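Participant: got a predicted model here, sequence first, then my questions.
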Amino acid sequence: MSDASSLYSFTISPNGPVFDLPLYVARDEGLFEKHGLKVEFAKAFDPLNTSKDPFQRQKEVLYESGKASAYNLCEWAGLDRSEKSGRGSRVFSLRPAVAAQALVTFDEDIQEPRDLEGVAVGINELTGSHYTTLQLLEGTIPREGIILEHAGSPHVRYEALKRGEIKVIAIMEPFISLALKEGAHIVAVNYYRGSEVISPDVPEQYREAYVAAVNEAADRIKANFDKYKHHIVKQVEGKLKPEELFSHFVHYTRSKPLDEKRFDYTYEWMKTWNLTPGISSYHALVA
């Protein structure tokens, strides 16, 4: 372990526990220090931030204000935020968490994606729930029949679903397990990688050290996911026990680069939905 005085300080803007789990493990088990880093979260995760404007949400505010050097989010949003960042940011790698976004409902008349033509799906604007829902539905129903409604953060949109304010939402863990426990059913599922956005101001050796530490943490989670489930269910405040969290709606693997071929396909797809002006190059958005 490195001497504390020689550690490079690195501050992270928090995401949901299902995505930040490798960071918790790397922090708690000394893996960041092993790789020469002193890593702290800029603030505790705020599960209720519901702004439709991504740059008014906690992750982006902390990063853009210079109070954090890195954060993770979905692959598409990583490109979107890097393209629009006032501070300047780039996608450094694809994150270890491979999570499911599930379309869930309590409505017995909705059983498959085809039942969602003309039905509003609750999402969080320009996050994984938004992009994955478009991908899930565009091969099943006409694009013009896909209706998305900004319904806020996962906690907020799940509560709206339970109150009957919206018929179906896109959601990830621990809310998938909670929804199934409380009587909802799944209409469709899409697994996706996210991206690690790291400030170009951070020297490359420390960006690489950060990813190396997170990869070691991912290996530990993969070897014994049950050991770490309590971090994820904490988000739902006692409504779900660690052993009630399913093991198959998220898994963890080693981070890898976002290569140019993948970027090209992703970026072109975003252009077809007018989710990017389409003027940026691979090297402008990816480190």
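Facilitator: That came through fine.

Participant: quick check: buried residues in the host helix or strand of R262?
Facilitator: If you go by DSSP states H and E, R262 is part of helix 260-272. Neighbour-count burial for helix 260-272, counted by 16 or more other C-beta atoms under 10 Å, picks out 262-263, 266-267, 269-270. Every C-beta, even on glycine, is put in place using the N, C-alpha and C of the backbone.

Participant: just checking, what packs against it?
Facilitator: helix 75-84, helix 282-285 (3 or more C-beta pairs under 8 Å, 6 or more residues apart in numbering; DSSP states H and E).

Participant: quick check: angle from it to helix 75-84?
Facilitator: Counting by axes from the mean of the first three to the mean of the last three C-alpha atoms, to 10 degrees, helix 260-272 lies at 80 degrees to helix 75-84.

Participant: neighbouring contacts of helix 260-272?
Facilitator: The contact list for helix 260-272, computed with C-beta atoms under 8 Å, 6 or more residues apart in numbering, reads 75-76, 79-80, 276, 278, 280, 282, 285-286.

Participant: where is the longest strand in this structure?
Facilitator: Ranked by residue count under DSSP state E, the longest strand found in the chain is strand 90-105.

Participant: after it comes which helix or strand?
Facilitator: Toward the C-terminus from strand 90-105 - assigned by DSSP H and E - lies strand 120-123.

Participant: dump that next one to PDB, keeping only the CA atoms.
Facilitator: Taking Å, rounded to 0.1, in the frame of the first residue of the first chain, the C-alpha atoms of strand 120-123 are listed here in PDB:
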ATOM      1  CA  ALA A 120     -46.100   6.500 -22.300                       C
ATOM      2  CA  VAL A 121     -43.000   4.900 -20.700                       C
ATOM      3  CA  GLY A 122     -41.500   6.700 -17.700                       C
ATOM      4  CA  ILE A 123     -37.800   7.400 -18.000                       C
END
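
Participant: specify the beta-bridge partners of the residue nearest the centre of the chain.
Facilitator: Nearest to the geometric centre of the chain sits L73, at 4.1 Å (C-alpha atoms, centre = their mean). Applying DSSP bridges to L73 yields these beta-bridge partners: S195.

Participant: for D28, see how far away it is.
Facilitator: As judged by C-beta to C-beta, to the nearest Å, L73 and D28 stand 22 Å apart.
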